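# sequence first, predicted model second:
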Amino acid sequence: QEQLVESGGGEVQPGGSLTITCATSGFTLDLKYYAIGWFRQAPGKEREGVSCMMSTVGDGTAYYADSVKGRFTSSRASAANTIYLQMNNLKPEDTAVYFCRAYTASYDYWGQGIQVTVSS
């Protein structure tokens with residue numbers, strides 16, 4: 001099954017940083033044609049959007065939820081079929097399972113999710 005695989009989650013203290021990596025497994029994508037999304041789901045809550053980055057054949061603009069703006073940065077390394085979510089100044093309310101997504105009008109790939117826990 002073609003899907004994305006996340007890595008790099010874990011537990012960190014408030015104020016700390018983590019980078020989640022999301023890569024293809026068993027297939028390749030020409031990521032410059034794909035929009036990139038990051039989502040998260042905290043226990044007992046609905047999945048919410050964290051970031052959306054347009055394809056680089058478009059304007060490549062990245063948008064962020066107000067709750068993470070200025071702290072999180074989404075990026076891609078198209079040659080490596082990899083996307084990243086850099087998370088700085090993490091807060092306990094950032095604790096959630098994080099999901100990556102790469103999509104076009106015709107294709108839609110998701111990661112399986114990875115836990116990020118922010119706790120002292």
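Everything's here; your move.

# does His40 touch Glu48 like I think?
Not His; residue 40 is Arg. Yes: between Arg40 and Glu48 a contact is recorded at 6.1 Å, counting by CB atoms under 8 Å. Every C-beta, even on glycine, is put in place using the N, C-alpha and C of the backbone.

# neighbour-wise, which of the two wins?
More crowded of Arg40 and Glu48, by other CB atoms under 10 Å: Arg40, with 23 against 12.

# distance of the residue nearest the centre of the chain from Gly70?
Against the mean C-alpha coordinate of the chain, by CA atoms, centre = their mean, the closest residue is Trp38 at 3.5 Å. For Trp38, the distance to Gly70 (CB to CB, to the nearest Å) stands at 15 Å.

# how much space between Thr104 and Met53?
Thr104 is 13 Å from Met53, by CB to CB.

# spit out the residues that contact the two alike.
Taking CB atoms under 8 Å, 6 or more residues apart in numbering as the contact definition, Thr104 and Met53 share the neighbouring residues Ala35.

# more crowded one of those two?
Met53 (22 against 12).

# residues touching the more buried one, list them.
Per CB under 8 Å, 6+ apart, neighbours of Met53: 35-37, 60-63, 74-76.

# ok, Asp108 next?
Taking CB under 8 Å, 6+ apart as the test, what Asp108 contacts is 101-102.

# give me phi/psi at Leu31?
Torsion angles at Leu31 (phi, psi; degrees, to the nearest 10) stand at phi -60, psi -20.

# count of neighbours near the residue nearest to it when sequence neighbours are not counted?
Nearest in space to Leu31, with sequence neighbours left out and distances taken as CB to CB, 6 or more residues apart in numbering, is Ser78 at 4.2 Å. By other CB under 10 Å, the residues close to Ser78 number 15.

# in this structure Ser78 contacts Thr28, no?
No: assessed by CB under 8 Å, Ser78 is found out of contact with Thr28, at 10.3 Å.

# low-confidence ranges in this structure?
Judged against pLDDT under 70, the chain has no low-scoring part.

# try it again at 90.
Counting by pLDDT under 90, the chain contains low-confidence ranges at 1-3, 24-32, 55-60, 77-81.

# tell me where it has strands.
Using DSSP state E, the strands of the chain run over residues 3-7, 10-12, 18-25, 35-41, 48-53, 62-64, 72-77, 82-87, 96-103, 108-110, 114-118.
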